[in-house]
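Chemist: give me the fold of what follows.
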Amino acid sequence: MNAVARIRLQGDWVARPYQKPLLKFMEAGGKRAMPIWHRRSGKDDVSLRWTARCAHPDPKNPAPNQCIGSYVHCLPEATQARKAIWEAVNKHSGKRRIDEAFPLETRDVTRENEMFIRFKSGSTWQVVGSDNYNSLVGSSFAGVVFSEWALSTPRAWSYFRPILAENNGWAIFITTPRGRNHAATMYEAAQNDPNWFVEKLTAHETGVFTPEVLDRELEEYKRENGPKIGESLYRQEYLCDFDAPVVGAIYADLLADLEKERVTDVPWNPSWPVYTAFDIGRRDAAACWWFQVGPGAVYWIDYHEEIGTDAPYWAKLLSEKPYNYAENYFPWDARLSTFQAPRSVIQQFHDLGVKAKIVGDNDAADRIAASRVVLRRSYFDRKKCALGLENLRAYHFEWDDDRKVLSKEPEHDWASHGSDAFGYGAIAYKEINPLPFKDSMADLARGFPTIGEITAMHDRSMRGSDRRIA
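Modeler: Numbering: from 1, shown residues only. Predicted structure coming up:
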């Protein structure tokens, strides 16, 4: 690229003082960055400008992280990505954000329907949603920006990470907090890693807003949304507070208490039956929980979700696990044909020799109510169920900022698949007749049983019972 085009690439844009340490780190060859910056701090803009630099290296003297390659800007959902990045207009200039970051004269191809740009330099850039990252299968990437990372599926990073490692590529995670979910976990872990740039900047630290404006924002948040929700939104958006209550979070209160003691190592007990609960997807993810039932307690021992699967995939996965299955539970729509096959899901699994049972009639309200009951008596394996727990943490009713109300139904996003599967398992729990534990109530009366106590009760019961697992 010639000098004129290189100057035009940045236009009149100048990095704000607090943005410069991030750029300096990346310009020096840094590969991982997580700026937790407040609302309206220019997180997406600085990321777009950085990507533009990388995609247009000086052929004679490329700087670190500059190379001809594929670059991606990933938001939680594809529809959101189009609105927030591809079609967004800078109100000050009247131009699209992407046209300012990637001027038309630098492009060879622009495909509006795919939100894709091929530059004259040979590099490409595309906007995607973490809900359809699998559409990029086969691509090789030099850099990825995860925007609103706290709202995105953690599986997206699992997909991109090995590709970037192979290509010595970079990744930037920009977000404001949404409770203590995967973004909080990543932020806390990265703080101790010298290979990461990690920074949290509140609105009191950047100088973007005066104290008077921030005071007014807080009062307006409270007036428009009510004191409790208003303060939570303000703490989340302007103070970058991971501990601010997540508006609309369905299980946050229960998970906060549960995770202190009951997310732990939960070993599979070979003498107990194992149940599964599925949520099936057509084009999106399918999810499955594995669980065992004890006296007054439910043990969630495993979890898996995948996109673009079929019945043979799941039948093989079930068979590869060492578990002794009592039943596999499916939602009502398993009576329908899906997995791109003419036969119903239940029929497909039966044909493959897998037990399959439809959970009784229920709706989202039924599943949530049952899940809240079951969560109070649940243990989770901290490693095998980590992704499933992320689903439960993120499961929420959508907040309508215009009408100031929560949606009637939970938002259908990446977290709904694992959460729905958990709900089906909770409904199934009512149907499961546990093994008889004669002394379980006496043990429960003195407090919630430990895993060791449950196992001992089970062994005592088995010695005195002729009951067999069907």
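
Chemist: give me the distance between residue 66 and residue 50.
Modeler: Between residue 66 and residue 50 the computed distance is 10 Å (C-beta to C-beta, to the nearest Å). Backbone N, C-alpha and C define where each C-beta goes, glycine included.

Chemist: more neighbours, these two?
Modeler: residue 50 (24 against 19; other C-beta atoms under 10 Å).

Chemist: assign residue 44 to helix, strand or coil.
Modeler: The three-state label for residue 44, taken from DSSP: H, G, I helix; E, B strand; the rest coil, comes out as helix.

Chemist: same question for residue 319.
Modeler: Three-state call for residue 319 (three-state DSSP): helix.

Chemist: count the neighbours of residue 223 for me.
Modeler: Using other C-beta under 10 Å, residue 223 has 10 other residues around it.

Chemist: that one belongs to a strand?
Modeler: No: counting by three-state DSSP, residue 223 is not part of a strand but helix.

Chemist: for it, which non-adjacent residue is closest in space?
Modeler: In space, and not counting its chain neighbours, residue 223 is closest to residue 230: 7.1 Å by C-beta to C-beta, 6 or more residues apart in numbering.

Chemist: host element of the one you found?
Modeler: Using DSSP states H and E, residue 230 maps to helix 227-237.

Chemist: so how far is the following helix or strand past that helix off the chain centroid?
Modeler: Elements were assigned by DSSP H and E; along the chain past helix 227-237, the next helix or strand is helix 252-261. Centre-to-centre, helix 252-261 and its host chain are 18 Å apart (C-alpha atoms, centre = their mean, to the nearest Å).

Chemist: buried ones in helix 252-261, by neighbour count?
Modeler: Within helix 252-261, the residues that qualify as buried by neighbour count (16 or more other C-beta atoms under 10 Å) are 252, 254, 255, 258.

Chemist: quick check: the farthest pair among those residues?
Modeler: Using C-beta to C-beta, the pair of these lying farthest apart is 252 and 258, separated by 10.6 Å.

Chemist: wait, doesn't residue 238 sit right on residue 203?
Modeler: Yes: contact criterion C-beta atoms under 8 Å: residue 238 and residue 203 qualify, at 4.2 Å.

Chemist: between the two, which contacts overlap?
Modeler: Residues touching both residue 238 and residue 203 (C-beta atoms under 8 Å, 6 or more residues apart in numbering) are 38, 39, 209, 214.

Chemist: residue contacts, the nearest residue to the first one once chain neighbours are set aside?
Modeler: So that's residue 38. Nearest residue to residue 38 in three dimensions, chain neighbours excluded: residue 203, at 4.3 Å (C-beta to C-beta, 6+ apart). Counting by C-beta under 8 Å, 6+ apart, residue 203 touches 38, 39, 41, 209, 214, 238, 239.

Chemist: for residue 36, see how far away residue 203 is.
Modeler: Residue 203 is 12 Å from residue 36, where distance means C-beta to C-beta.

Chemist: also residue 281?
Modeler: Between residue 281 and residue 36 the distance is 31 Å, computed by C-beta to C-beta.

Chemist: by mean pLDDT, point me to the weakest helix or strand of the protein.
Modeler: The element with the least model confidence among the helices and strands of the chain, by mean pLDDT, DSSP states H and E, is helix 440-445, at a mean of 39.

Chemist: assign a three-state SS to residue 50, would you?
Modeler: For residue 50, the secondary-structure state derived from three-state DSSP is helix.

Chemist: give me the nearest residue to it, chain neighbours excluded.
Modeler: Setting aside the residues directly before and after it, residue 50 is nearest to residue 26 in space (C-beta to C-beta, 6+ apart), at 6.0 Å.

Chemist: so how many other residues sit close to the one you found?
Modeler: Other residues within reach of residue 26 by the criterion other C-beta under 10 Å amount to 24.

Chemist: for it, give its distance to residue 65.
Modeler: Computed as C-beta to C-beta, the residue 26 to residue 65 distance reads 6 Å.

Chemist: thank you kindly, that will do.
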